[in-house]
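Visitor: only geometry, no sequence info:
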């Protein structure tokens, strides 16, 4: 992505409601003007989405939503790095039902075990796109995205088979055993 005083957003061609996505972002220059990167979920259009966002010029991140063109911070901001950090940083966004979770951390540091940003919100519930985006104030900057992953949320554990046995033991008592 490269923009001079603009917003660029690229959405995947698949719609999902519940997901876990990550992406790495870096910037070529920080000059005092704002430059942010974001990972979007349930992205309908430029006026309806959830996002975890990191500001290279401020070193802060937050979880927010935009509904009908009105932006609202759901959690944050929190300091992630020193202002002017060029990156790379890793952004993670997970949405399960009404639960929206986010993390941002510098590459080279371990992923935080706890979610940095948490919110419960039902403003956007339909399956929509997952996207990455960048926005800058006035100067041309190149924000690079890499290592994008999209998968099922943490709760997904694949198929589970339950087995049940009912029998009478030697004393005549009814027994039920269930095993996964």
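Guide: Everything's here; your move. The structure displayed is predicted, hence computed values, not measured ones.
Visitor: For the residue nearest the centre of the chain, give me the backbone phi and psi.
Guide: Among the residues of the chain, residue 93 comes closest to the average C-alpha position under Cα atoms, centre = their mean, at 1.1 Å. Main-chain torsions, residue 93, degrees, to the nearest 10: phi -130, psi 130.
Visitor: oh, and call the first residue 45 from now on, that's how I've got it
Guide: Sure, I'll start counting at 45 from here, so that last one is residue 137.
Visitor: OK, contacts around it?
Guide: The contact partners of residue 137, taken as Cβ atoms under 8 Å, 6 or more residues apart in numbering, are 64-66, 83-85, 94-96, 144-146, 174. To be clear about C-beta, it is placed using only N, CA and C from the backbone, and glycine gets the same treatment.
Visitor: tell me which residues form a beta bridge with it?
Guide: Using DSSP bridges, the beta-bridge partners of residue 137 come out as residue 65, residue 146.
Visitor: do residue 89 as well
Guide: When bridges are assigned using DSSP bridges, the partners listed for residue 89 are residue 92.
Visitor: if I look at it, how far off is residue 189?
Guide: When distance is defined by Cβ to Cβ, to the nearest Å, residue 89 is 20 Å away from residue 189.
Visitor: of the two, who's got more company?
Guide: Counting neighbours by other Cβ atoms under 10 Å for residue 89 and for residue 189 shows that residue 189 has the greater number, 18 against 12.
Visitor: Let me know the helix or strand that the more buried one is in.
Guide: Secondary structure assignment for residue 189, by DSSP states H and E: strand 184-195.
Visitor: Pull the number of nearby residues for the closest residue to residue 96 other than its chain neighbours.
Guide: Closest residue to residue 96 apart from its sequence neighbours, by Cβ to Cβ, 6 or more residues apart in numbering: residue 146 at 3.4 Å. By the measure other Cβ under 10 Å, the count of residues near residue 146 is 29.
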